[in-house]
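got a predicted structure plus its sequence, pasted below:
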Amino acid sequence: MRRLVLKELVDNALDAGGDSMIGQKGETYFIVDTGPGIDGGPQDIARMFSINRPMVSSKLWRLPKRGALGNGLRVVAGAVLSSGGRLVVTTRNTRHVLTPREDGGTDVMPEQVDFPVGTMIEIEFGSDMPADPLAMRWGEDAIRMASGETYIGKPSPFWYDADHFFELLQAGKDRPVRELVAQLDGCTGAKAGQISEAFKGMSCQALDRDQAVALLGAARAHAKPVSARRLGSVGKSSFLPEWYASESGSVQIGVRNPKAEIPFVIEAWCDFHGSRDDDVSISS
Ligand SMILES: Nc1ncnc2c1ncn2[C@@H]1O[C@H](COP(=O)(O)OP(=O)(O)OP(=O)(O)O)[C@@H](O)[C@H]1O
Ligand SMILES: [Mg+2]
């Protein structure tokens, strides 16, 4: 359980960009990153680290990142509450001592400190959670695995199906259509104007489902699908087993046309123990 909770925090740190590290001082584990810090005031941060936070996907913008569900910090708050632990979040020059409550909310005690860059999470598990000498193992592995190449582009219009793109537009509220289009891969600058020409002056939420499909089609016509190669890979590495293989492809998802075409890369590392005469085959 400790491994899982610390891994959730490391995943968030890695998604934030910048450098990430995990360490331990006495009973306290700390996860530090040099990303942009966490948005919002003390109450917003308390809400984010609370068990009863609605599980809202923060991933309307589809990107190959670790976070997906918006559940990680609820797990962290639950682990602190159920074990009788301690949680402190320091970001944007404020240290927040957080106390998750039985009713699902979280109390916060903010204090001004000098911490302008990134985020530091300090977490201590209570004695009700079994000790684990390798508690940081999964988090440390995740940081090492993050050393390969990663995708640095924007979300591709090919990664959205008709329904999901409509949802993205609805979430865009009163922003001009062109502004949202410019955030897609291959659709920046003058192209954004051409793609959104038919919806000039309209806000994102004003488009109906058919208009959303037309806009998605126009965006795709101007952009190229993202190749699996552009997604990046971890590759061979001295800290991973020697035998390595990778495969790539793409998968279609969604109900209504156009469907999303999601590229993927699968990598496998393998250690060989035993006799060289053994046959091993892996199929999926
Ligand atoms: N270290 C951090 N720096 C910046 N933002 C963060 C950091 N940690 C969390 N956040 C913000 O809090 C949000 C919620 O985190 P949470 O782990 O609960 O969900 P998630 O990462 O979106 O999805 P998942 O359930 O897969 O972990 C993140 O999407 C991110 O916006
Ligand atoms: Mg997360």
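Thanks, I have it. Residues are numbered from 1 along each chain as shown. Ligands and ions are numbered 1, 2, ... in the order given.

okay, CA-based contacts and neighbour counts for the rest of this
Will do.

how far out from the middle of the chain is stretch 189-207?
Its chain's average C-alpha position is 28 Å from that of stretch 189-207, according to CA atoms, centre = their mean, to the nearest Å.

going forward, count from 301.
Got it, the first residue is 301 from now on, which makes the last one we talked about stretch 489-507.

mind listing the helices for the protein?
In the chain, the helices defined using DSSP state H lie at 302-315, 342-348, 372-383, 437-445, 462-471, 477-481, 490-495, 509-522, 528-531.

so for P336, which of the ones you listed sits nearest?
Closest approach to P336 among these (CA to CA): helix 302-315, 10.1 Å.

put the alpha carbons of that closest one into PDB.
Provided in PDB are the C-alpha atoms of helix 302-315 (Å, rounded to 0.1, in the frame of the first residue of the first chain):
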ATOM      1  CA  ARG A 302       2.800   2.400   0.800                       C
ATOM      2  CA  ARG A 303       4.400   1.700  -2.500                       C
ATOM      3  CA  LEU A 304       1.200   2.400  -4.400                       C
ATOM      4  CA  VAL A 305       0.500   5.700  -2.600                       C
ATOM      5  CA  LEU A 306       4.100   6.900  -3.100                       C
ATOM      6  CA  LYS A 307       3.900   5.900  -6.800                       C
ATOM      7  CA  GLU A 308       0.700   7.900  -7.300                       C
ATOM      8  CA  LEU A 309       2.600  11.000  -6.000                       C
ATOM      9  CA  VAL A 310       5.600  10.300  -8.100                       C
ATOM     10  CA  ASP A 311       3.400   9.900 -11.200                       C
ATOM     11  CA  ASN A 312       1.900  13.300 -10.600                       C
ATOM     12  CA  ALA A 313       5.300  14.800 -10.100                       C
ATOM     13  CA  LEU A 314       6.600  13.300 -13.400                       C
ATOM     14  CA  ASP A 315       3.400  14.500 -15.200                       C
END
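
just the angle for that helix relative to helix 437-445, thanks.
Between helix 302-315 and helix 437-445, the angle comes out at 30 degrees (axes from the mean of the first three to the mean of the last three CA atoms, to 10 degrees).

mind listing what C504 touches?
469-477, 480 (CA atoms under 8 Å, 6 or more residues apart in numbering).

switch to 10 Å and redo it
The contact partners of C504, by CA atoms under 10 Å, 6 or more residues apart in numbering, come to 466, 468-481, 512.

before we move on, what about N393?
Contacts of N393 by CA under 10 Å, 6+ apart are 337, 411-419.

ok, P430 to ligand 1 distance?
23 Å (CA to the nearest ligand atom, to the nearest Å).

what does V376 give?
8 Å.

how about R529?
Counting by CA to the nearest ligand atom, the gap from R529 to ligand 1 is 24 Å.

quick check: that residue vs A379, distance?
38 Å (CA to CA, to the nearest Å).

please apply the same query to C487.
43 Å.

how about the residues of this structure by ligand 1?
Contact residues (CA under 6 Å from any ligand atom) of the chain with ligand 1: 308, 312-313, 316, 335, 337-338, 358, 367-373, 419.

what subset of these is buried?
The neighbour-count criterion (16 or more other CA atoms under 10 Å) marks 308, 312-313, 316, 335, 337-338, 367, 370-373, 419 among these as buried.

pick the one among those closest to Y451.
Once CA to CA is applied, the member of those that ends up nearest Y451 is A316, at 13.6 Å.

does that closest one really touch T334, like I thought?
Yes - counting by CA atoms under 10 Å, A316 touches T334, with 7.9 Å between them.

what touches both of these two?
418-419.

distance check, the residue nearest to R437 when sequence neighbours are not counted against ligand 1.
Nearest non-adjacent residue to R437, counting by CA to CA, 6 or more residues apart in numbering: R303, 6.8 Å away. Distance, R303 to ligand 1, using CA to the nearest ligand atom: 14 Å.
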